[in-house]
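Colleague: below are the sequence and a predicted model for it; my questions follow.
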Amino acid sequence: MRKEERRAQGRFHLRVPATVIVGDGSLPETLHLITTNLSSKGVFLKAERPLSAGSGVAVKLIIRIEKLRKFFQEDYVAVNLVGKVLRTEEQGMAVGFDNGYSLFPFGK
């Protein structure tokens with residue numbers, strides 16, 4: 001039997017590079033991971049060694065913006081988000097986003 005979907009926001013199966021910064025700023029650790037799905041409220045990141053639930057993280061996603069060409073001249077946009085690890089699984093971890101974010105278009 002399939003589990004009932006409880007998410008309020010739709011999610012997208014999307015594989016994009018993600019840079020995850022862990023730590024309080026004094027000795028941050030940087031992880032280079034890949035997303036498996038993404039919504040407006042969070043992301044699931046594939047990770048061999050998931051972080052502990054409750055860990056604070058900053059996430060930077062690089063997304064090709066060809067569909068948004070009328071808004072941006074660049075080929076990619078960097079999306080910077082802040083959140084925390086909500087849960088871990090054998091194949092990765094779920095990160096819930098805080099409300100703030102920033103977008104930076106750039107060419108590659």
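Modeller: Cool, the structure landed. Residues are numbered from 1 along each chain as shown.
Colleague: okay, now Leu31: neighbour count?
Modeller: 16 (other CB atoms under 10 Å). C-betas here are computed from N, CA, C, even on glycine.
Colleague: give the bridge partners for Arg64, please.
Modeller: Here Arg64 sits in beta bridges with Tyr76, going by DSSP bridges.
Colleague: right, and it touches Ala78 too?
Modeller: No - contact criterion CB atoms under 8 Å: Arg64 and Ala78 do not qualify, at 11.4 Å.
Colleague: neighbour-wise, which of those two wins?
Modeller: A count of neighbours by other CB under 10 Å puts Ala78 above the other of Arg64 and Ala78, at 15 against 11.
Colleague: which element is the more buried one on?
Modeller: Assigned by DSSP states H and E, Ala78 falls within strand 76-89.
Colleague: sketch out the low-pLDDT regions of the protein for me.
Modeller: Applying pLDDT under 70 to the chain flags residues 1-10, 24-25, 67-71, 108.
Colleague: center of this protein - which residue?
Modeller: Val43 (4.6 Å; CA atoms, centre = their mean).
Colleague: could you confirm that residue falls within a strand?
Modeller: Yes - under DSSP: H, G, I helix; E, B strand; the rest coil, Val43 sits within a strand.
Colleague: I figured it hits Val59, correct?
Modeller: Yes - under the criterion of CB under 8 Å, Val43 makes contact with Val59 at 6.6 Å.
Colleague: shared neighbours of the two, anything?
Modeller: Common contacts of Val43 and Val59, defined by CB atoms under 8 Å, 6 or more residues apart in numbering, comprise Ala18, Leu81, Val95, Phe97.
Colleague: neighbour-wise, which of the residues you listed leads?
Modeller: Counting by other CB under 10 Å, top hit in the shared contacts of Val43 and Val59: Val95 with 26 neighbours.
Colleague: check contacts around that residue.
Modeller: Residues near Val95 by CB under 8 Å, 6+ apart: Val20, Gly42, Val43, Phe44, Leu45, Val57, Val59, Gly83, Lys84, Val85, Leu86.
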